[in-house]
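Student: Sequence and predicted model, in that order:
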Amino acid sequence: MKTRTNASLGLAAFSLAALPLAVQAQTTTAEHDDTVALNPMVVTATLAPRTADETLSSVTLLDEATLRRQDPTSMTDMLRGQPGVDVTSNGSHGKNSSVYLRGTGNDQNVLLIDGIRLRSATTGGAAWHYLDPRMFHRAEIVRGPRGSLYGADAVGGVVQLFTHEAEEGGPHPRVSVGGGSFNSQRYSAGLSGSSGGTRYSFAGSHFSTDGTPVRRGGEDKGYDNTSALARVSHTFDSGAEVGVLALRARGSNEFDGGETDFVQQVAGIYGELQATERWTSRLTISESRDESDSVQAFGASTFDSQARAVRWDNTLGFGLHELITGAEFSEDRITSSTDYAETSRDNTAVFAQGLLDFTPFAVQASLRFDDNEAYGEEVTGSLALGYDLDGYHTLRASYGTAFKAPTFNDLYFPGFGNPDLEAETSETLELGTQDQIDKRGAVSFEGPQAQIEQRHQHGSSNDQRRQQDVQRHIPGQQARQAGGRLGRPAPALRAWRIVRTPDGCRDGRRHATGHH
């Protein structure tokens, strides 16, 4: 059974002119912690350290204290209830799960792990259900298009997970043991520290459960996951830094009629150099893997995705202003028991972003050009304007474009794919405010309106090469999506949402919080 949980509050009195709104409010995870910093730094929204209000974006930070208190057992537990985030799951541990940012699909948002993207090239989405939240100490959720910074699929937003950082001194060990019903067992251990200019962090975890039967009287459907992390960096006397990262999760997942063995992996090496007083340059080489081998009643199947990327980021400082430029080359490659017409594609991109501070005004502008071997060229951009009223209240407006790349399934799956598909494109206009009211958090109002064009559909299309009708992906018509958000750390703001549909009708719904 799928589960979707969303906490929201409809406010009929609040509206933004010319924008049909859905207004929702969420309780922040920092609600019970009086020591939470007012303006923590985030990096995902702009590629540079900024406080949440300085990003001119809709951002949620889950810091180490929040995650320790929450102690999630799955990624959906970690993200459930966050503003603008919906999650679904087809069962208990290890079963297919999806994350939706601002109502966009699981394949219309980007998952990063320490800056390295992880996804399936065949389905387009990330396998959230195979990641152990104990491997991460921090998460940043950015809502809204980020195609001009991260390229394809950053339509609804970006979620970046940060692995455990090294602690000063040490070594500092940590051990955790837990258990529960259905013979569930969880073990984790870690070791981190620093010596001289070298910092290190190692961690491992194992989770297993017998699960529950899918049908009454059936067999239990178990799940196990073993994860390991290694992260080492060294800073030289000159200030230059090099580092390596490797994270791997491996396990098996039983389901009704079969079993899947899986691997989720990211690995990378980077070097960072402050070339001049104004110029910092960083080069990252990375690889990610999403592998699954399934055995079912109708046979065995293999779907392995491999993505390799080289990214060069440059930051130039000019007083209060920053210019960020870069280039990226990436290659997607699949190995499968299915006979795809093509099994690889590459993408070349260049991008630039300006972060301008004309206190009390702020301007952020970015532009990116992608050239993909499979679906051609795409240009994305964004422009955000902010006005700081008094240090506590910020008005902001932004416009951004993004696109969703067709997957290998969309393009080449036998009897189903359409190699002529182009990318889906989107435009988003957002107006909002950020209001700091007390040490527990801030009120934010947002009124986004998104238009997604050429959304892919399933349909019957005459394939002249085969002279027969086959089910294929075909370009669809425009689809409009409107919504909004009110965020306030108050337990009184509970589960209400007011939605205006594309035809103008209002549909008010109440969604109960908690687990279904």
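Tutor: That came in fine, so what should we check first? Everything numeric here is computed off the predicted structure, so don't read it as measured data.

Student: Beta-bridge partners for the spatially most central residue of the chain, please?
Tutor: For the chain, the residue nearest the mean C-alpha position is V159 (2.7 Å; CA atoms, centre = their mean). The partner list for V159 in beta bridges (DSSP bridges) reads L111, I141.

Student: Can you get me a residue count around the residue nearest to E219 when sequence neighbours are not counted?
Tutor: Nearest residue to E219, sequence neighbours excluded (CB to CB, 6 or more residues apart in numbering): P213, at 5.9 Å. From N, CA and C alone the C-beta is placed, and that goes for glycine too. The number of residues packed near P213 is 12, by other CB atoms under 10 Å.

Student: mind checking how far stretch 239-257 is from the chain centre?
Tutor: 16 Å (CA atoms, centre = their mean, to the nearest Å).

Student: wait, doesn't A423 sit right on P406?
Tutor: Yes - the pair A423 / P406 is scored as a contact, 6.5 Å apart, by CB atoms under 8 Å.

Student: picking that back up, residues touching the residue nearest to the centre of the chain, list them.
Tutor: The contact partners of V159, by CB atoms under 8 Å, 6 or more residues apart in numbering, come to 79, 99, 101, 109-112, 139-142.

Student: Kindly report the same for L411.
Tutor: By CB under 8 Å, 6+ apart, the residues touching L411 are 341-342, 374-375, 417-419, 421, 473.

Student: Out of those residues, the closest to A365 would be?
Tutor: Nearest to A365 among the contacts of L411 is Y375, at 25.7 Å by CB to CB.

Student: And for that closest one, the neighbour number?
Tutor: Applying other CB under 10 Å, we find 21 residues neighbouring Y375.

Student: State the distance from it to Q70.
Tutor: 39 Å (CB to CB, to the nearest Å).

Student: and what of S181?
Tutor: 20 Å.

Student: of these two, who's got more company?
Tutor: Ranked by neighbour count (other CB under 10 Å), S181 and Q70 place Q70 first, with 15 against 8.

Student: Surely that one and M78 touch.
Tutor: Yes - between Q70 and M78 there is a contact at 6.9 Å, judged by CB under 8 Å.

Student: Quick one: distance of the strand or helix carrying L67 to the chain centre.
Tutor: In the assignment (DSSP states H and E), L67 maps to helix 64-70. Chain-centre distance of helix 64-70: 19 Å, with CA atoms, centre = their mean.

Student: Which elements pack onto that helix?
Tutor: Other helices and strands packing on helix 64-70, by 3 or more CB pairs under 8 Å, 6 or more residues apart in numbering; DSSP states H and E, are helix 75-79, strand 136-143.

Student: re earlier: for the contacts of L411, which one is nearest E259?
Tutor: Nearest to E259 among the contacts of L411, counting by CB to CB, is G417 at 27.0 Å.

Student: how close does the closest one sit to D410?
Tutor: For G417, the distance to D410 equals 6 Å [CB to CB].

Student: Counting neighbours, go ahead and name the busier of these two.
Tutor: Taking neighbours as other CB under 10 Å, G417 and D410 compare with D410 leading, 24 against 21.

Student: For E331, give me its contacts.
Tutor: Counting by CB under 8 Å, 6+ apart, E331 makes contact with 307-309, 344-347.

Student: need the next SSE after the one helix or strand it maps to, C-terminal direction.
Tutor: Assigned by DSSP H and E, E331 belongs to strand 321-336. Helices and strands here follow DSSP H and E; after strand 321-336, the next one along the chain is strand 344-358.

Student: which helices and strands sit right next to that next one?
Tutor: For strand 344-358, the packing partners by 3+ CB pairs under 8 Å, 6+ apart come out as helix 147-150, strand 321-336, strand 361-372.

Student: one more time with 6 Å
Tutor: strand 321-336, strand 361-372 (3 or more CB pairs under 6 Å, 6 or more residues apart in numbering; DSSP states H and E).

Student: what lines up beside it in the sheet?
Tutor: Partners of strand 344-358 in the sheet, by DSSP bridges, are strand 321-336 (antiparallel), strand 361-372 (antiparallel).

Student: any idea of the mean pLDDT for the shortest one?
Tutor: What that stands for is strand 361-372. What strand 361-372 shows for mean pLDDT is 98.

Student: List the buried residues in it.
Tutor: 362, 364, 366-370, 372 (16 or more other CB atoms under 10 Å).

Student: in its sheet, what does the helix or strand following that strand sit against?
Tutor: Sequence-wise, the next helix or strand downstream of strand 361-372 (DSSP H and E) is strand 376-388. Here strand 376-388 is paired, per DSSP bridges, with strand 361-372 (antiparallel), strand 393-404 (antiparallel).

Student: I'd like those written out as JSON lines, with distance to T276 added.
Tutor: What follows is those, written out as JSON lines (distance: least, CB to CB, whole Å):
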{"stretch": "strand 361-372", "distance to T276": "23"}
{"stretch": "strand 393-404", "distance to T276": "31"}
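
Student: So for E430, which of these sits nearest?
Tutor: Proximity to E430 (CB to CB) singles out strand 393-404 among these, at 4.9 Å.

Student: what comes up buried for that closest one?
Tutor: 393-396, 398, 400-404.

Student: what's the answer for stretch 291-301, then?
Tutor: Using 16+ other CB under 10 Å as the test for burial, stretch 291-301 gives 291-294.

Student: again, but for stretch 45-65
Tutor: Those buried within stretch 45-65 under the rule 16+ other CB under 10 Å are 45-48, 50, 52-63, 65.

Student: starting at the chain centroid, how far to that stretch?
Tutor: The chain centroid and the centroid of stretch 45-65 are separated by 14 Å, computed with CA atoms, centre = their mean.

Student: re earlier: could you give me the ChimeraX selection string for whichever of the contacts of E331 are buried?
Tutor: Listed next is the ChimeraX selection for buried residues among those, using 16+ other CB under 10 Å:
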select :307,309,345,347
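
Student: now the contacts of E331 as JSON lines including pLDDT and distance to T226?
Tutor: Formatted as JSON lines, these follow (pLDDT from 0 to 100; distance: CB to CB, whole Å):
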{"residue": "A307", "pLDDT": "96", "distance to T226": "22"}
{"residue": "R308", "pLDDT": "97", "distance to T226": "25"}
{"residue": "A309", "pLDDT": "98", "distance to T226": "26"}
{"residue": "S344", "pLDDT": "97", "distance to T226": "30"}
{"residue": "R345", "pLDDT": "97", "distance to T226": "32"}
{"residue": "D346", "pLDDT": "98", "distance to T226": "33"}
{"residue": "N347", "pLDDT": "98", "distance to T226": "32"}
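
Student: of all the contacts of V159, which comes closest to T209?
Tutor: L79 (20.5 Å).

Student: Let me know the distance separating the nearest residue to that closest one once chain neighbours are set aside from R278.
Tutor: Among residues not flanking L79 along the chain, V85 sits closest, at 5.2 Å (CB to CB, 6+ apart). For V85, the distance to R278 equals 38 Å [CB to CB].

Student: okay, and for the stretch 201-350 of the chain, where does confidence drop off?
Tutor: Residue ranges of the stretch 201-350 of the chain with pLDDT under 70: 214, 217.

Student: and stretch 363-371, C-alpha only, in CSV?
Tutor: The C-alpha coordinates for stretch 363-371 follow below in CSV (Å, rounded to 0.1, in the frame of the first residue of the first chain):
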residue,chain,number,x,y,z
VAL,A,363,20.7,39.7,-7.2
GLN,A,364,21.4,36.2,-8.3
ALA,A,365,21.6,35.2,-12.0
SER,A,366,22.7,31.9,-13.5
LEU,A,367,22.9,30.4,-17.0
ARG,A,368,23.8,26.9,-18.2
PHE,A,369,24.2,25.3,-21.6
ASP,A,370,23.9,21.4,-22.0
ASP,A,371,24.7,19.5,-25.1
